[in-house]
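Novice: with the input below, show me the fold.
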Amino acid sequence: MPADCLMYPASPLPPAELVGRLERLASALVSDGSGRWAGATGLGPIAGLKPGQVVVGPAFTVRTRPGDNLVVHKAMDIARPGEVLVVAAGGHTDRALLGGLMGQYAATKGIVALVVDGAVRDRSDLDRVSPPVFATGLTHLGPYKNGPGELRGPVSVGGVVIRDGDLLVCDEDGVAVIPRHRAEEITSAAEAKFDSEAAERRAIAEGTWDRSWIDAALAVREVS
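Specialist: Have a look, this model is predicted:
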């Protein structure tokens, strides 16, 4: 008997101009611009990410049972170019939800990143043929294919709620999440933070970086 797969409507894709602006930033800047709580913790780059690369795209959300990738296969079949596949599997790392073959297939579909709240495998193959992969772990043990699951519904990944169409900014530091209804606000805040840090770098190089705030924030008591 076929397993249930609930599928919600697809969200509108973001403007290419907005994606381009975010690609010039970083997950840390986005996190700062959203109050420093936009990060999906525990997810790190596993494979396929070039040094300094920032990957940006709207989330295609997938909810599956731990260790089962049936609906992940379906998601790859219908994902649109430019989307980030976000797989919520409870953070379990006892079974890999995808490996080299699925990574290669994702690349042919134009998926720009794979974010897996669970384990993956075939790291060398993923490095070679897959879009960048972010996951909570690695294991050689393969998945089940029994279902059930949900596509494009709200998920929880790394302690953050992600809704289909939310923007993800993924780089060497991890994965930051921008709710789609706050995309312009948070992007502008991250750009302002980028400019502020650029000014601080210039001050460091010139020996004029203002450090007075540290003593203002501390009551230092010398101990003899």
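
Novice: rest of the way, CA atoms for contacts and neighbours
Specialist: Fine.

Novice: beta partners of the most centrally placed residue in the chain?
Specialist: Most central in the chain under C-alpha atoms, centre = their mean is V175, positioned 3.4 Å from the mean C-alpha point. Beta-bridge pairing for V175 (DSSP bridges): C170.

Novice: ok, it touching V54?
Specialist: No - counting by C-alpha atoms under 8 Å, V175 does not reach V54; the two are 10.0 Å apart.

Novice: between these two, which contacts overlap?
Specialist: Common neighbours of V175 and V54 are listed as S27, V169 (criterion: C-alpha atoms under 8 Å, 6 or more residues apart in numbering).

Novice: tell me which strands the longest strand anywhere in the chain pairs with, and in which orientation.
Specialist: The residue-count maximum for a strand in the chain (DSSP state E) belongs to strand 55-64. According to DSSP bridges, strand 55-64 forms sheet pairs with strand 84-88 (parallel), strand 149-151 (antiparallel), strand 167-171 (antiparallel).

Novice: would you mark the buried spots in the last one?
Specialist: For strand 167-171, burial by neighbour count (16 or more other C-alpha atoms under 10 Å) applies to L167, L168, V169, C170, D171.

Novice: now what about that strand, what contacts it?
Specialist: With C-alpha under 8 Å, 6+ apart as the test, strand 167-171 has contacts from 22-23, 26-27, 30, 45, 49, 52-59, 84, 175-180, 183.

Novice: out of those, which end up buried?
Specialist: Applying 16+ other C-alpha under 10 Å to the contacts of strand 167-171 flags 22-23, 26-27, 30, 45, 49, 54-59, 84, 175-180, 183 as buried.

Novice: just the CA trace of the longest strand of the chain, in CSV.
Specialist: C-alpha atoms of strand 55-64 as CSV (Å, rounded to 0.1, in the frame of the first residue of the first chain):
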residue,chain,number,x,y,z
VAL,A,55,24.8,29.6,-1.3
VAL,A,56,21.4,31.3,-1.3
GLY,A,57,18.0,30.0,-2.3
PRO,A,58,14.4,29.5,-1.2
ALA,A,59,13.6,26.5,0.9
PHE,A,60,11.8,23.5,-0.5
THR,A,61,10.8,21.8,2.8
VAL,A,62,10.7,18.1,3.4
ARG,A,63,9.6,16.3,6.5
THR,A,64,10.4,12.6,6.8
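
Novice: now do it: everything it contacts.
Specialist: In contact with strand 55-64 (C-alpha under 8 Å, 6+ apart) are residues 13-14, 19, 22-23, 71-72, 75, 79, 82-89, 112-113, 132, 147-155, 162-171.

Novice: tell me the helices in this structure, going along the chain?
Specialist: Assigned by DSSP state H, the chain shows helices spanning 16-23, 27-33, 70-78, 100-108, 123-129, 183-206, 212-217.
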